[in-house]
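Student: would you be able to build a 3D model of this:
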Amino acid sequence: MSRFTRARRTAVLAAALGLSLSTLAACGGDAESSSGDGPVLRVGVQKDGIRAVLETSGLLDDLDYEIEWAEFTSGPPLVEAASADQIDVAWVGSAPPIIGAASGANFKVVAAVQERDFQENSILVPQGSDITEVEDLEGKRVAVGRGTSAHGLLANALDRVGLTFEDIDANYLAPADGFAAFTSGAVDAWVVWDPFVTQAIQEEDAVAITGGRPDEFGTQFEIASTKALEDPETRELVADFVNRLGQGFEWAVENSDAWGEAWAAESGLPASTTTVAAAQKASDLIPVSDAIIARSQALADLFLELGELPEEIDFASIVEPGLVE
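Tutor: Numbering: from 1, shown residues only. Purely as a prediction, here's the structure:
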């Protein structure tokens with residue numbers, strides 16, 4: 001059992017959701033509002049290339065509904081936005097649905113996005129660092145986004161070598177702040193996902209000491225708000241969008257350079273970064289399998305043990321089947 005009290009667990013989760021709420025409040029200026037009178041689907045994104053892959057592949061050319069895009073910093077605020085009925089659908093990493101479920105958020109997991117290299121995140125250290133393996137993180141300052149997939153990777157990696165978050169100095173930072181802390185030397189290691197991994201390697205000669213299996217399996221999720229799924233028309237739009245996204249990922253496997261160029265324009269990152277990241281992110285959109293549910297439940301149980309959740313969750317209960325084949 002955890003050495004943390006329930007009050008500590010609740011405080012930890014509240015801190016994570018505090019980030020979500022502040023980001024949600026700020027995201028109004030980042031939303032691209034529709035101007036027509038037809039159906040509208042509200043899609044939450046990060047700097048994840050979703051718009052780029054769909055637009056460049058031509059998969060949005062024949063839509064009979066409009067898309068209203070809203071950009072967020074990471075997965076936890078996207079889950080919070082879905083729960084608050086601010087967005088209808090979004091792509092998030094492996095851990096945000098777990099954090100959201102523990103807070104009672106009103107959303108469902110409708111599909112999985114499986115990276116073919118089974119890797120979503122990396123633990124990065126500066127070139128020449130004396131940190132060469134996970135065990136060396138003991139006592140070190142580590143930047144990571146709270147409640148993100150990177151948080152999940154770090155939890156699993158530490159647990160694998162017999163460490164916990166109490167054994168490190170965790171600095172919970174959004175990607176931009178994490179990058180600044182890493183490049184300035186304010187932290188000793190940074191746990192993050194692409195394209196930020198590629199950016200740090202290219203621009204700062206960062207070194208990845210671990211990533212992927214056995215600490216993660218590169219599984220991400222499409223989520224949708226419960227309210228969106230309960231409305232038949234919006235549910236149909238969500239299903240259409242998610243299946244188009246699956247086609248977009250298929251297109252991207254053979255057209256990674258085109259995706260990377262468009263991703264650069266969307267994100268403001270250099271094309272030299274996004275084209276490399278795009279080539280590494282070959283993925284398939286699939287139904288949520290029993291194996292995926294089991295791995296997600298194991299991570300949820302570990303988060304509970306470490307005091308990162310206020311209560312136990314049943315991951316299977318937040319999965320909504322039937323929207324993808």
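
Student: show me where the stretch 101-250 of the chain has its helices.
Tutor: With DSSP state H, counting those that start in this stretch, the ranges of helices along the stretch 101-250 of the chain come out as 149-160, 175-184, 196-204, 226-230, 232-254.

Student: in the stretch 51-200 of the chain, which spans are strands?
Tutor: For the stretch 51-200 of the chain, the strands defined by DSSP state E, counting those that start in this stretch occupy 66-71, 89-92, 107-115, 121-125, 141-144, 169-172, 189-193.

Student: okay, those in CSV with mean pLDDT next?
Tutor: Conversion of the strands of the stretch 51-200 of the chain to CSV gives the following (pLDDT from 0 to 100):
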stretch, mean pLDDT
strand 66-71, 97
strand 89-92, 97
strand 107-115, 98
strand 121-125, 98
strand 141-144, 98
strand 169-172, 98
strand 189-193, 97
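
Student: rewinding a little: deepest of the helices of the stretch 101-250 of the chain, which one?
Tutor: Burial of those is given as mean neighbour count (mean count of other C-beta atoms under 10 Å); helix 149-160 ranks first at a mean of 24. (Each C-beta comes from the backbone N, C-alpha and C, glycine too.)

Student: from residue 47, how far off is residue 268?
Tutor: 8 Å (C-beta to C-beta, to the nearest Å).

Student: okay, and the beta partners of residue 192?
Tutor: Counting by DSSP bridges, residue 192 is bridged to residue 122.

Student: kindly apply the preceding question to residue 90 instead.
Tutor: Here residue 90, judged by DSSP bridges, has bridge partners residue 44, residue 223.

Student: number of nearby residues for it?
Tutor: Residue 90: 27 surrounding residues under other C-beta atoms under 10 Å.

Student: and for residue 120?
Tutor: Other residues within reach of residue 120, judged by other C-beta under 10 Å, total 28.

Student: check contacts around it.
Tutor: 93-94, 149, 153, 193-194, 211-212, 216, 218-220 (C-beta atoms under 8 Å, 6 or more residues apart in numbering).

Student: quick check, residue 306 in contact with residue 155.
Tutor: Yes - taking contacts as C-beta atoms under 8 Å, residue 306 lies within contact range of residue 155: 6.1 Å.

Student: overlap in contacts of these two?
Tutor: Jointly contacting residue 306 and residue 155 under the rule C-beta under 8 Å, 6+ apart are residue 165.

Student: thinking again about what came up before, list just the nearest of the contacts of residue 120 to residue 124.
Tutor: residue 211 (8.9 Å; C-beta to C-beta).

Student: now for the residue positioned nearest the centre of the chain: which residues touch it?
Tutor: Nearest to the mean C-alpha position of the chain, by C-alpha atoms, centre = their mean, lies residue 93 at 2.9 Å. For residue 93, the contact set (C-beta under 8 Å, 6+ apart) comprises 75, 120-121, 148-150, 152, 193, 220-221.

Student: contacts only, for the spatially closest residue to it that is not a sequence neighbour.
Tutor: Leaving aside its chain neighbours, residue 93 sits nearest to residue 149 (2.8 Å; criterion: C-beta to C-beta, 6 or more residues apart in numbering). Contacts for residue 149 (C-beta under 8 Å, 6+ apart) come out as 75, 92-96, 120-121, 193, 216, 220.

Student: let me know the closest of the residues you listed to residue 248.
Tutor: Nearest to residue 248, judged by C-beta to C-beta, of the contacts of residue 149 is residue 220 at 14.1 Å.

Student: wait, the closest one touches residue 109, no?
Tutor: No - between residue 220 and residue 109 there is no contact under C-beta under 8 Å: 10.2 Å.

Student: quick check, residue 315 in contact with residue 297.
Tutor: Yes - with contact defined as C-beta under 8 Å, residue 315 reaches residue 297; the gap is 4.6 Å.

Student: the more surrounded of the two?
Tutor: More crowded of residue 315 and residue 297, by other C-beta under 10 Å: residue 315, with 21 against 16.

Student: report the contact partners of the more buried one.
Tutor: Counting by C-beta under 8 Å, 6+ apart, residue 315 has contacts 97-98, 101, 293, 296-297, 300.

Student: next: residue 246.
Tutor: 111, 284-285, 324 are the contacts of residue 246 under C-beta under 8 Å, 6+ apart.

Student: one more pass at 10 Å, please.
Tutor: Listed by C-beta atoms under 10 Å, 6 or more residues apart in numbering, the contact set of residue 246 reads 59, 111, 113, 222, 283-286, 324-325.

Student: and of the residues you listed, the nearest to residue 199?
Tutor: Among the contacts of residue 246, residue 283 lies closest to residue 199 (C-beta to C-beta), at 19.3 Å.

Student: quick check: the closest one vs residue 55, distance?
Tutor: The gap separating residue 283 from residue 55 is 17 Å, by C-beta to C-beta.

Student: of these two, who's got more company?
Tutor: More crowded of residue 283 and residue 55, by other C-beta under 10 Å: residue 283, with 23 against 16.

Student: tell me where the stretch 201-325 of the chain has strands.
Tutor: Counting by DSSP E, counting those that start in this stretch, the stretch 201-325 of the chain has strands at residues 207-210, 219-225, 283-286.
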